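Asks: Structure for the following, please:
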Amino acid sequence: MKGLLILLTGASLLSAAVPARLHRGIDSTQTFVLTGHTRTLPRSAQDAGPVDASLVMPQLEIHFGMTAAQTADLHQLLALQQDRNSIWYHRWLTPEEFGARFGVNEHDLNQVKAWLEGTGFSNVQIARSQTFLRMSGTAAQVESTFGLSIHQYRQGGKQFYANQSDPVLPRALEGLVSSVKGLSSYHVHSFISHHLRPNISLGINGNHFLGPDDLATIYDLHTLYNSGIDGTGQTIAVVGQSDISLSDIEAFQKAAGLPIKDPRIVLAGVDPGINPDDESEADLDLEWAGAVARGATVIYVNSPDALASAEYAIENNLASVISISFGLCEQGLSSGDAATYNAAFQQANAQGITVVAASGDTGAAACDVDQDPSGTPESVAQFGLAVNFPASSPFVTGLGGTEFDEAQGSFWNSSGNATSYIPEIAWNDTAAWGILSGSGGGASQQFLKPVWQAGAGVPADGQRDVPDIALSASPLHDPYLICNSGSCSNGFAPPVSELYFVGGTSCAAPVFAGMLALLNQSSGAGQGNINAGLYSLASFNSGVFHDVELGDNRVPCAPGTANCTGTFGYSAGPGYDQVTGLGSVDAAQLVEQWGSDFQVTLNPNSVTLPFGSSSNASLQVTRFANFKGPVNFTCAVSSSLTNTTCSVPATIAGSNTGTLTIANSAAANFLKFPHVTPGSLCVLATVFAVFIIWAPRRALVGAVAVLCLVTVGCGGGSANSVSLTSHAISGTVTVTATSGVLQRSIVVPIYIS
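Replies: The predicted structure is shown next:
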């Protein structure tokens, strides 16, 4: 019977066929405005007027929203997929399974498809997840169908187009369509901090560059490699928006002594061609993701927009880890696009995909880099506190930046190789560089605080805070070495004038993506959204994270700027902070401790005891995945259990067992009282009536005497008797076990008689 119950419970979570939501034809004469589709463009962007009507807009999409029931179901599923006690634990969906449960009815999809084709759009395709339609069309078709105009803009030497107003859709689609994507070509930018050829060489002036083996030493990757964990059998999707030259990737691998292994290139729509800055970003991401996960397959997903590349990777389930080194400040992204991509990241988590993203490189002033025509950050912030999307999404792990603090000792040998972990401070090169340059972080203005974002140092601001963790990112102090544009002709050897050095949180993202591939190999599966696990580990295990307590991401700001007192931003400190998150990671410890958890059981699972006595039950702590944290206990007695106390050990650390003691302090005859049967009531009533007639003044005394006589002399439980009976009481004792943010509770039934 129990097995049948489990099966039925599991079946209830599998939604029946999604019902139709379109109950009438799509009539374009009755319309509504779909708000949230005009983005705030950079002030430096110049409007060059309407685009040519024949301009082809090839990556248009109509996205559909979920019903309230689907939204609640998805939230429940995502929680169950991370719950070790659930039958859904790590049962990841395929895109088709996601669509069958959270997508749109096939009838509705075909109606919208027919409507789009009827208005002239071509190549209309239904997504595998049944959550959107993709189509191609000209600017004239877009303007006619959606009742808006598309203008061309110039910003510095770049051009892009964007819609002037929100789209207008048929009234029948209200509540079904959530967004129209592709109305603007203003896309996210990379967070690579300046591909440099500085006057820096091996060991000169205390500076060093980071090669793959240096990073492996600093972040304890060699321990994993030595145990056979190198990412073999795993996949990482690196997203980009520029073509690349495979010879650069091969040159990096050869110089680093790594196996020559080309990334697999997947084109997600239109070929964007070569964009020099974005090509450098792609080289960095591909080279370093593969340098960390040396046995993994790295897939490069390329399109004109890196976020569209990420969506393609999710829709086609290409990899268990997606690395994004691009973003845009939240205020520069339309609310429609933010909601659309956030929904895609939810889908990724349901499919077991972990998404990591760089938090940005302009400290607490994420929006300022968007405003400069050259794409170079300003020296003074003017647009207020801001964070970048997608790092701010609750379904994405945001990566901030640190800088090595080598003043605390000697960490390099005479050959210029790192010899151990190097203490870290928050990355902020703003003063040294003369431009905004530091770890992106702060509070989201789009997303509320997720329940898992809790622990020491987490602000009580009600908002999603960024970043979650951080890794080395300074371009000025121990930067990363990459091969780009034909460099590395002599390997990693001098002359340094031929080498490229880079920094930025876009270094941290692919490095951590590589670490996650190692974690997935060790665990045997993808992990989905890892954020709850990270904060849980940080709350009770100090060995996984290097807490970064020094430095800040404060930057100069212009007078009159909101929150500006000459500078604004955040400081690093103990525990979590909005500069480096939980800190950097020890990769080997992360893999070893991942999934750390505990459960508590009680034997027996209920307690019965007489009044005035005590009883014990055995507490058993079961530890999972090398869980090493101490477990703290408290207990509480329900109000119905009078004169009853409970006690538990304050902490169970080395031992896995303890004792719950329930004690009642009442006397043995406490709460005994006469039990009067119906026959007894008749006898008492008769005698009492006689006493009232015979001696009214003695009625009360007589009644008491008769009651005592009957009680003492007529006991025995017959129909005409009164007996003394013990009165049982019941209630519960709640035992609560905590370790960091983990909490487990047991409600114990208690019976006292």
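
Asks: what about the residue nearest to V124 when sequence neighbours are not counted, is that helix, strand or coil?
Replies: The spatial neighbour of V124 that comes closest, neighbours along the chain excluded (C-beta to C-beta, 6 or more residues apart in numbering), is M135 at 4.3 Å. Every C-beta, even on glycine, is put in place using the N, C-alpha and C of the backbone. For M135, the secondary-structure state derived from DSSP: H, G, I helix; E, B strand; the rest coil is strand.

Asks: can you tell me how far M135 sits from G120?
Replies: Spatial separation of M135 from G120 under the definition C-beta to C-beta, to the nearest Å is 10 Å.

Asks: got it, and E378?
Replies: 44 Å.

Asks: Who has more neighbours out of these two?
Replies: With other C-beta atoms under 10 Å as the criterion, E378 and G120 differ in neighbour count, and E378 comes out ahead with 18 against 14.

Asks: Per-residue pLDDT of the more buried one, please?
Replies: You'll see E378 listed with a pLDDT of 79.

Asks: Check the contact between it and G434; I expect there is one.
Replies: No. Under the contact definition of C-beta atoms under 8 Å, E378 does not touch G434, with a separation of 10.3 Å.

Asks: Specify the beta-bridge partners of the nearest residue to D277 once chain neighbours are set aside.
Replies: Once its chain neighbours are removed from consideration, D277 has its nearest residue in S190; the separation is 6.2 Å (C-beta to C-beta, 6+ apart). Under the criterion DSSP bridges, S190 forms beta bridges with F326.

Asks: again with L60
Replies: Beta bridges link L60 to M135 when assigned by DSSP bridges.

Asks: how close does P479 sit to P167?
Replies: Relative to P167, P479 is positioned 44 Å away (criterion: C-beta to C-beta).

Asks: and what of D271?
Replies: For D271, the distance to P167 under the criterion C-beta to C-beta works out to 27 Å.

Asks: More neighbours: the two, which one.
Replies: Ranked by neighbour count (other C-beta under 10 Å), D271 and P167 place P167 first, with 23 against 12.

Asks: got the contact list for the residue nearest to that one when sequence neighbours are not counted?
Replies: For P167, the nearest residue in space outside its immediate sequence neighbours is F146; the separation is 3.8 Å by C-beta to C-beta, 6+ apart. F146 is in contact with P167, V168, L169, V180, L183, counting by C-beta atoms under 8 Å, 6 or more residues apart in numbering.

Asks: helix/strand/coil for the third one?
Replies: The three-state label given to L169 by three-state DSSP is strand.

Asks: which of the residues in the host helix or strand of A432 are buried?
Replies: Secondary-structure assignment from DSSP states H and E places A432 in helix 430-433. By neighbour count with 16 or more other C-beta atoms under 10 Å, helix 430-433 contains the buried residues T430, W433.

Asks: Report the backbone C-alpha coordinates of it in CSV.
Replies: Included here for helix 430-433 are C-alpha records, laid out as CSV according to Å, rounded to 0.1, in the frame of the first residue of the first chain:
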residue,chain,number,x,y,z
THR,A,430,39.5,51.8,-9.9
ALA,A,431,42.1,54.0,-8.2
ALA,A,432,45.1,52.3,-10.0
TRP,A,433,43.4,52.1,-13.4
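
Asks: show me where the stretch 551-700 of the chain has strands.
Replies: Here the stretch 551-700 of the chain has its strands, by DSSP state E, counting those that start in this stretch, at 555-556, 567-568, 584-585, 597-603, 607-609, 614-624, 631-637, 644-647, 651-652, 657-664, 673-676.

Asks: for the fourth one, packing partners?
Replies: I take that to be strand 597-603. Counting by 3 or more C-beta pairs under 8 Å, 6 or more residues apart in numbering; DSSP states H and E, the packing neighbours recorded for strand 597-603 are strand 614-624, strand 729-739, strand 742-752.

Asks: Might one say that Y500 is in contact with F492?
Replies: No. Assessed by C-beta under 8 Å, Y500 is found out of contact with F492, at 10.9 Å.

Asks: neighbour-wise, which of those two wins?
Replies: Residue environment comparison for Y500 versus F492 gives the larger neighbour count to Y500, 25 against 20, counting by other C-beta under 10 Å.

Asks: Next one: the more buried one from D361, what distance?
Replies: Following C-beta to C-beta, the distance that separates Y500 from D361 is 17 Å.

Asks: just P749 next, same as before
Replies: Computed as C-beta to C-beta, the P749 to D361 distance reads 57 Å.

Asks: So for A251, what pLDDT did the model give?
Replies: Looking at A251, its pLDDT reads 94.

Asks: hmm, back to that, which among the contacts of F146 count as buried?
Replies: When neighbours are counted using 16+ other C-beta under 10 Å, the contacts of F146 contain these buried positions: P167, L169, V180, L183.

Asks: residues in contact with the first one?
Replies: Listed by C-beta under 8 Å, 6+ apart, the contact set of P167 reads V33, L34, H37, F146, G147, L148, V180, L183.

Asks: redo that, cut-off 10 Å
Replies: Counting by C-beta atoms under 10 Å, 6 or more residues apart in numbering, P167 touches 31-35, 37-38, 62, 142, 145-148, 177, 179-180, 183, 336.
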